[in-house]
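K.L.:
sequence first, predicted coordinates after that:
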Number of protein chains: 2
Amino acid sequence: MSDSNRPKRRVIVLGAGFGGLEVCKNLKDPRYEVTLVDRQNHHLFQPLLYQVATCGLSAPEIAQPVREIFAKQKNVRTVMDEVRGIDAEKKQVKLRLHTLEYDYLVIALGAVTSYFGNDQWAKFAPGLKSLDDATRIRRELLLAFERAETEENEAERERLMTIVVVGGGPTGVEMAGAIVELARHVLAENFRDIDPAKAKVILVEAAPEVLGMFPGDLPNYTREKLTEMGVDVRTSTMVEDITATTVKLKDGEEIHAANVIWGAGVQANPLAKSLGTPQSRGGRLEVKPDLSLPGYPSVFAIGDIVDCTDANGVSVPGVSPGAIQMGQHVAKVIETAEHHLDRGEADMADHLRPKFVYWDKGMMATIGRSAAVASAGKLRMKGFIAWLAWLFVHIIFLVGFRNRAVVLFQWLYSYTNYKRGARIVTGMDERTAKRENLDTEESS
Amino acid sequence: MSDSNRPKRRVIVLGAGFGGLEVCKNLKDPRYEVTLVDRQNHHLFQPLLYQVATCGLSAPEIAQPVREIFAKQKNVRTVMDEVRGIDAEKKQVKLRLHTLEYDYLVIALGAVTSYFGNDQWAKFAPGLKSLDDATRIRRELLLAFERAETEENEAERERLMTIVVVGGGPTGVEMAGAIVELARHVLAENFRDIDPAKAKVILVEAAPEVLGMFPGDLPNYTREKLTEMGVDVRTSTMVEDITATTVKLKDGEEIHAANVIWGAGVQANPLAKSLGTPQSRGGRLEVKPDLSLPGYPSVFAIGDIVDCTDANGVSVPGVSPGAIQMGQHVAKVIETAEHHLDRGEADMADHLRPKFVYWDKGMMATIGRSAAVASAGKLRMKGFIAWLAWLFVHIIFLVGFRNRAVVLFQWLYSYTNYKRGARIVTGMDERTAKRENLDTEESS
């Protein structure tokens, strides 16, 4: 291919998540000048983010510098910057510091936490999308126990030891399970005046089941297992309001809680509206069967930012295998289009473009120590065997050898002695500043 | 002892550094109700902080939760709070949230970065005392290379790739060495438009030598080794002023640098003045031979907050073995005093109190990969053998088995393949906020 006399093709990929990385990895031919743009300098292994929030892993263990990933693939250039806008007429991407031009654009900007129109809840109920979110949650969880230890007012002590997790999907289940284990086992012997094992962990889910997307008895098993671990599972329960001290439920009950964690929903990155193409639920971009945006054959969108039904009519879930497969597909569409152009065919007609087909590898969620659920096709697993499968899959897919080995070591350590290695509070200065702002707002 | 009918003795220890921990560990008898107060929830292994700042280790790897350290020593209570004042007449310590009463008080609050009266330099030239300092330095170092990669103005690109380390003591030498290795080896293949190996690392020291406290040819060896590694070592060089963009030297030269790191000096924690007892250089507390404060026989001060000359006239350096030995000594003084009280002797006269004697275990500093200097008594080591000794000592003394194993693994990994595991930027939101404040200030 590269012996063609046609000029190099500039491919811009926005977002270094699972989808974005995959596009770059699959465009190895030096004819492609690939520019990968991300706000952060690292690729984040999001499925393990809850472990950073609950002291199991340290932040660098689930992140890998993007530059390092592509150190040897010389046709990939990394730019750490924020996307400010896309001009599809001029084929330009405006960043905070620069403007870049493209022949092909891949939008892989992912999702952000959604409060379903209640953005004022964000400061009281952080979501879990970035390392900074995770270290914030870790800090606030640990601080609440610290405050409880010296608190003399019983009601306030109880509030400090109450944690509400909103949302019974995988994130909520994983968070609730990891928090109750943190309190009951990891912190257990460490305090003198409080018993962390008495902390209340309440999981609130609007639907009648947790992990409702899992088949058969897996949702039921998950509920039973969580309850056995000490989580107060409240299904068919809706949140009415969240304030600095309280979660108010639709049924009128008020739960006083120092920590509220939001795992109830995500929406497409707001940049999805840049091109003015159709958006569906949660602002997700509608895409054509080849994953290009309607009306823009050289612009593609992949991963959590899209609402995609594949060529077989299967709705692609917002999980990493979906993003990875979409990334591979877009690379293939670009290569096919270039192949046609090489042969002098002006452009590739719609019907010639490969259509995306999703290969459902199944899904899994961990509940706690030795307990997980998994399903793939007709196969269903739960308990220890599912947990081993979860461990295996996550270790295999962790980017980079070092992380794999360190994470495995950390897990063996935690598993054998019920300790967690990252139980430290950082960012106190930042927190103090924010808290003082909060106090001012509350009193005003 | 504990069969005495006398009431329990309340011992308050301020600060969970090396000295503070040691006091608690050596007062195991349940007659002592020990309260350990620290602003942070973790003990920090400060000698390895420079490795967090330079991407070698992640923050939790050099920190251990204080509560975990004393989980099994039930007579130790941990309070995470800030000290606001000490009332020696009422024998009270005022914290932000509570007031505590003591029979014995041990002040082990350590040192803070000193700018020798130029506190306005602090925001441009961070010191290295806490995990937040270290992650801030890591972030700013990595961001400067990211900015340089897309910067078109050559002078600005050069500024972004210039790092000034002020102070040629162990901290400055370790930082300069680790930064130049980060640029030359770790980042080397990762960029497309800049060559990180061309980064300028300048070490500025006012004295005629770096590591001037080391004997024989070790200062000279250190200078040669640093130079060989690519550090521009400027001795007999004083800093006149530091601004957001520039370090101005006394000889008139201006160095434009995006990163300035302050390793030039520390002073006693400002709380040292709480009791109004005599202070010497850098605000350090003067102590009596038993380490009590003059006029306050039940108040002791240990570690970096004191200026101590031991019973043999040896000035105790501000290193961890000094703090540890002082901590052990204070525990012994308290036990001896209690022994006298048990026998009905009203109080222990000055001349009966054991006097502190420092056992100098020597000192060591690492320069870079396979290069360090060490001296102990007449023994002097340099190069690879000193580096092995440094590795061994630091691994042995790292608190907690897990950290030791993970850190050793990280080091083996970095050593064998020139990569570093913690090369990630975190706290961008906080940074943006600060930067915007800075921009405003600069333009006003």
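P.N.:
Structure received.

K.L.:
so what touches stretch A:302-314?
P.N.:
A:15, A:17-20, A:23, A:106-111, A:266, A:268-269, A:272, A:279-282, A:284-287, A:289, A:291, A:315-316, A:318, A:322-323, A:326-327, A:329-330, A:355-358, A:360 (CB atoms under 8 Å, 6 or more residues apart in numbering or on different chains). From N, CA and C alone the C-beta is placed, and that goes for glycine too.

K.L.:
what's the first helix or strand after the longest helix seen in chain A?
P.N.:
Criterion DSSP state H: the longest helix present in chain A is helix A:320-342. Note on helix A:320-342: by DSSP states H and E, the next helix or strand toward the C-terminus is strand A:363-368.

K.L.:
please identify which helix or strand holds the residue lying closest to residue A:371 once chain neighbours are set aside.
P.N.:
Once flanking residues are discounted, residue A:371 sits nearest to residue A:225: 5.1 Å by CB to CB, 6 or more residues apart in numbering or on different chains. Taking DSSP H and E as the definition, residue A:225 sits inside helix A:218-229.

K.L.:
same question for that helix: list its buried residues.
P.N.:
Using 16 or more other CB atoms under 10 Å in any protein chain shown as the test for burial, helix A:218-229 gives A:218, A:219, A:221, A:222, A:223, A:225, A:226, A:229.

K.L.:
and the first one, what does it touch?
P.N.:
Residues touching residue A:218, when contacts are defined by CB under 8 Å, 6+ apart, comprise A:211, A:373, A:375, A:380, A:382.

K.L.:
can we see that at 6 Å?
P.N.:
Contact partners of residue A:218, counting by CB atoms under 6 Å, 6 or more residues apart in numbering or on different chains, are residue A:373.

K.L.:
whatever residue of the stretch 201-350 of chain A ends up closest to chain B: neighbour count?
P.N.:
Nearest residue of the stretch 201-350 of chain A to chain B: residue A:258, at 14.7 Å (CB to the nearest CB). When counting by other CB atoms under 10 Å in any protein chain shown, one arrives at 22 neighbours for residue A:258.

K.L.:
what angle sits between the longest helix of chain A and strand A:363-368?
P.N.:
150 degrees (axes from the mean of the first three to the mean of the last three CA atoms, to 10 degrees).

K.L.:
for helix A:320-342, name the packing helices and strands.
P.N.:
Helix A:320-342 makes packing contacts with helix A:18-25 when contacts are defined by 3 or more CB pairs under 6 Å, 6 or more residues apart in numbering or on different chains; DSSP states H and E.

K.L.:
distance from the helix it packs on to the middle of the chain?
P.N.:
16 Å (CA atoms, centre = their mean, to the nearest Å).

K.L.:
next SSE downstream of it?
P.N.:
strand A:32-38.

K.L.:
tell me the strands beside that following strand, with direction?
P.N.:
Taking DSSP bridges as the criterion, strand A:32-38 sits next to strand A:9-14 (parallel), strand A:76-80 (parallel) in its sheet.

K.L.:
who are the contact partners of residue A:105?
P.N.:
A:12, A:299.

K.L.:
tell me which element the one residue in the stretch 301-444 of chain A that gets nearest to chain B falls in.
P.N.:
Proximity of the stretch 301-444 of chain A to chain B (CB to the nearest CB) peaks at residue A:422, 3.9 Å away. Following DSSP H and E, there is no helix or strand that holds residue A:422.

K.L.:
just say helix, strand or coil for the nearest residue to it once chain neighbours are set aside.
P.N.:
Distances taken as CB to CB, 6+ apart put residue B:60 closest to residue A:422, at 3.9 Å, once the chain neighbours are dropped. Here residue B:60 is helix, with the state taken from DSSP: H, G, I helix; E, B strand; the rest coil.

K.L.:
quick one on the thing from earlier: export the strands paired with strand A:32-38 to TSV and tack on mean pLDDT and mean neighbour count?
P.N.:
Output for the strands paired with strand A:32-38, formatted as TSV (pLDDT from 0 to 100; neighbours: other CB atoms under 10 Å in any protein chain shown):
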stretch	mean pLDDT	mean neighbour count
strand A:9-14	97	24
strand A:76-80	96	23
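
K.L.:
I'd like those strands laid out as CSV, including distance to residue B:33.
P.N.:
Formatted as CSV, the strands paired with strand A:32-38 follow (distance: least, CB to CB, whole Å):
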stretch, distance to residue B:33
strand A:9-14, 59
strand A:76-80, 52
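
K.L.:
closest one to residue B:393 among the ones you listed?
P.N.:
Smallest distance to residue B:393 across the strands paired with strand A:32-38 (CB to CB): 37.6 Å, for strand A:76-80.

K.L.:
that closest one: how far from the chain's middle?
P.N.:
A distance of 22 Å separates the centroid of the chain from that of strand A:76-80, by CA atoms, centre = their mean.

K.L.:
does anything pack onto the next helix or strand after it? Which helices or strands?
P.N.:
On the C-terminal side of strand A:76-80, the closest following helix or strand by DSSP H and E is strand A:83-87. Here strand A:83-87 touches strand A:92-95, going by 3+ CB pairs under 6 Å, 6+ apart.

K.L.:
list the contacts of the residue nearest to residue A:422.
P.N.:
Counting by CB under 6 Å, 6+ apart, residue B:60 touches A:58, A:421, A:422, A:424.

K.L.:
correct me, but the third one touches residue A:59?
P.N.:
So the one you mean is residue A:422. No: using CB atoms under 6 Å, residue A:422 is not in contact with residue A:59; the gap is 8.1 Å.

K.L.:
so where's chain A uncertain?
P.N.:
For chain A, the stretches with pLDDT under 70 are A:1-5, A:346-350, A:399-403, A:417-418, A:429-444.

K.L.:
many thanks, we can stop here.
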